[in-house]
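Engineer: Provided below for reference: sequence and predicted model.
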2 protein chains.
Amino acid sequence: MASNMYLYWGSGSVACWKAMIALEEKGFGGYPNKLISFSKQEHKAEDVMKLNPRGQVPVFKDGDIVLNDSVAICDYLERRYGNQGTQLIPSDVKELANVLQRMYEVSNVEGNILKELAIYLFYTKKEDQDEALLKEKFEKGRAELQIWEGYMQKMGSGAFIASKSFSMADVYFFPYLAYFVRLGLNLSKYPALSEYYNRIKDRASLKASWPPHWLKEPPKIDSMSQI
Amino acid sequence: MASNMYLYWGSGSVACWKAMIALEEKGFGGYPNKLISFSKQEHKAEDVMKLNPRGQVPVFKDGDIVLNDSVAICDYLERRYGNQGTQLIPSDVKELANVLQRMYEVSNVEGNILKELAIYLFYTKKEDQDEALLKEKFEKGRAELQIWEGYMQKMGSGAFIASKSFSMADVYFFPYLAYFVRLGLNLSKYPALSEYYNRIKDRASLKASWPPHWLKEPPKIDSMSQI
């Protein structure tokens, strides 16, 4: 079935990684794909633009169905192929509610840490960084991480971010955590997240989809260590 | 069943409105609720903070289940109460894919128009607005609206934003469109969106949940007319 599928993706994109984890978890490992180069602007090339005029990846095809939003891809895979691979959305109502809440609450991690802080550190030269503003951004980012540390503490060791089992909430959350670790985040300040990270980082779906250039190249910034 | 439900909400919040439309569509109109005042900081009051330490609305209760993210609330309502009221997520695979794609693609409307442009206009005094930057923001916002105008043209008249029937994509998209209209958006530049807006604005679920203060007070800015 996976032979009908096709994924355009970029290495290190959290959005792409989410879709790739979901594909692995649903048992579609080995799907045809094309790794595009952001630096060569291949996400703006004709083959991608034809499928997604926004010129962004991931772009996913399943037969004649095209999806180009990472959350839409994940949601689609679980709805259409619910009965195969890992069940990413639980049936039990309480577990369902918790997984849905955490899945979408990850947008705060994107907003408060990735967009506010990591992107600022990435695109602002050290000499141009405003110390007071940066302090504020670090505090906001730290507060966000502490919320998730609290969730993980409540879940208890051996559990996942929103459920006793690996769920869509992990698909959405883990790539951010791994990205921040790559950028220098010191997990020893967040013991429950540290335990969670180290326990699941070798999970087959994550290893199979780990951004390949992360294994070869050092990060451009490591200043997330201050968070 | 709705008597087990409770919603904390604020008037004019797109996030709250989304949850309220979904509640109406699923047949829970008349659910117990509390309208909080943002200006009195009631979203930071004890009753809300106890349920959502982030101090944000909407906060939704269904028995002992608490959800405080608008997309989580909508997703939960459709998954748990799929068989009642409007079916907001289609069963047909092609329709499903299109609805999911548009639902989550609405995040671009939030990013490129609400956050980039409307919030800039709202919070930056006219004399402090940078003309070149504003021009760029208007162009980006206009390009985003044109994408949706194109979608609506393709759907054809009588259809909804992603399907022949009203779907979750309308629940997520319409409140933004209505908000921009309130802020002065001239829909005559976007004929398909104009037809769509005027055809569905009196739909029962939308009328029942329309932000009450919009009916009484003029908007603080009307500069979206330039988009």
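Structural biologist: Received the coordinates, thanks. Residues are numbered from 1 along each chain as shown, chains lettered A, B, ... in the order given.

Engineer: helix or strand right after the worst-scoring helix or strand of chain A on mean pLDDT?
Structural biologist: The helix or strand of chain A with the poorest confidence is helix A:119-123; it has a mean of 87 (mean pLDDT, DSSP states H and E). Where DSSP states H and E defines the elements, the next helix or strand beyond helix A:119-123 is helix A:131-155.

Engineer: Next, the buried residues of that following helix.
Structural biologist: Residues of helix A:131-155 classed as buried by neighbour count (16 or more other CB atoms under 10 Å in any protein chain shown): A:134, A:137-138, A:140-142, A:144-145, A:148-149, A:151-152, A:155. Backbone N, C-alpha and C define where each C-beta goes, glycine included.

Engineer: and which of the residues you listed is nearest chain B?
Structural biologist: Taking CB to the nearest CB as the measure, chain B sits nearest to residue A:144 out of those, at 9.7 Å.

Engineer: For residue A:28, grab the count of nearby residues.
Structural biologist: 21 (other CB atoms under 10 Å in any protein chain shown).

Engineer: Find the nearest non-adjacent residue to it, please.
Structural biologist: residue A:2 (4.2 Å; CB to CB, 6 or more residues apart in numbering or on different chains).

Engineer: Tell me the spacing between that neighbour and chain B.
Structural biologist: Note on residue A:2: its distance to chain B, by CB to the nearest CB, to the nearest Å, is 17 Å.

Engineer: Verify the stated contact: that residue with residue A:33.
Structural biologist: No - under the criterion of CB atoms under 8 Å, residue A:2 is not in contact with residue A:33, lying 10.1 Å apart.

Engineer: returning to that earlier point: would you list the buried residues of helix A:131-155 in JSON lines and tack on pLDDT and distance to residue A:162?
Structural biologist: Listed next are those as JSON lines, based on pLDDT from 0 to 100; distance: CB to CB, whole Å:
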{"residue": "A:134", "pLDDT": "91", "distance to residue A:162": "31"}
{"residue": "A:137", "pLDDT": "93", "distance to residue A:162": "26"}
{"residue": "A:138", "pLDDT": "92", "distance to residue A:162": "26"}
{"residue": "A:140", "pLDDT": "94", "distance to residue A:162": "23"}
{"residue": "A:141", "pLDDT": "94", "distance to residue A:162": "21"}
{"residue": "A:142", "pLDDT": "95", "distance to residue A:162": "21"}
{"residue": "A:144", "pLDDT": "96", "distance to residue A:162": "16"}
{"residue": "A:145", "pLDDT": "97", "distance to residue A:162": "16"}
{"residue": "A:148", "pLDDT": "98", "distance to residue A:162": "10"}
{"residue": "A:149", "pLDDT": "98", "distance to residue A:162": "14"}
{"residue": "A:151", "pLDDT": "97", "distance to residue A:162": "7"}
{"residue": "A:152", "pLDDT": "98", "distance to residue A:162": "10"}
{"residue": "A:155", "pLDDT": "97", "distance to residue A:162": "7"}
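
Engineer: got TSV for those residues, with distance to residue A:57 too?
Structural biologist: TSV is the format used below for those (distance: CB to CB, whole Å):
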residue	distance to residue A:57
A:134	30
A:137	27
A:138	30
A:140	28
A:141	26
A:142	31
A:144	26
A:145	27
A:148	26
A:149	31
A:151	29
A:152	30
A:155	32
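
Engineer: can you give me the strands for chain A?
Structural biologist: For chain A, applying DSSP state E gives strands covering A:5-10, A:33-36, A:59-62, A:65-67.

Engineer: Comparing those strands, which comes out most buried?
Structural biologist: The highest mean neighbour count among the strands of chain A, using mean count of other CB atoms under 10 Å in any protein chain shown, belongs to strand A:59-62: a mean of 24.

Engineer: Okay, the residue nearest to residue A:101 when sequence neighbours are not counted and residue A:183: tell me how far apart.
Structural biologist: In this structure, residue A:101 finds its nearest non-sequential neighbour in residue B:72, 4.8 Å apart by CB to CB, 6+ apart. Distance, residue B:72 to residue A:183, by CB to CB, to the nearest Å: 28 Å.

Engineer: what do you get for residue A:163?
Structural biologist: Computed as CB to CB, the residue A:163 to residue A:183 distance reads 27 Å.

Engineer: again, but for residue A:192
Structural biologist: 20 Å.

Engineer: thinking again about what came up before, list the buried residues in the least confident helix or strand of chain A.
Structural biologist: By 16+ other CB under 10 Å, the buried positions in helix A:119-123 come out as residue A:121.

Engineer: Run through the neighbouring helices and strands of it.
Structural biologist: helix A:131-155 (3 or more CB pairs under 8 Å, 6 or more residues apart in numbering or on different chains; DSSP states H and E).

Engineer: List, one by one, the residues from chain A near chain B.
Structural biologist: Those residues of chain A that sit near chain B, judged by CB under 8 Å from any CB of the partner chain, are A:53-54, A:62, A:65-69, A:71-72, A:75-76, A:79-80, A:89, A:93-94, A:96-97, A:100-101, A:103-105, A:107-108, A:147.

Engineer: Does residue A:31 touch residue A:19 like I think?
Structural biologist: No - using CB under 8 Å as the test, residue A:31 is too far from residue A:19 to be in contact (10.4 Å).

Engineer: shared neighbours, these two?
Structural biologist: Common contacts of residue A:31 and residue A:19 (CB atoms under 8 Å, 6 or more residues apart in numbering or on different chains): residue A:7.

Engineer: Looking at the two, which is more packed in?
Structural biologist: Set side by side, residue A:31 and residue A:19 show more neighbours around residue A:19, with 28 against 18, by other CB under 10 Å.
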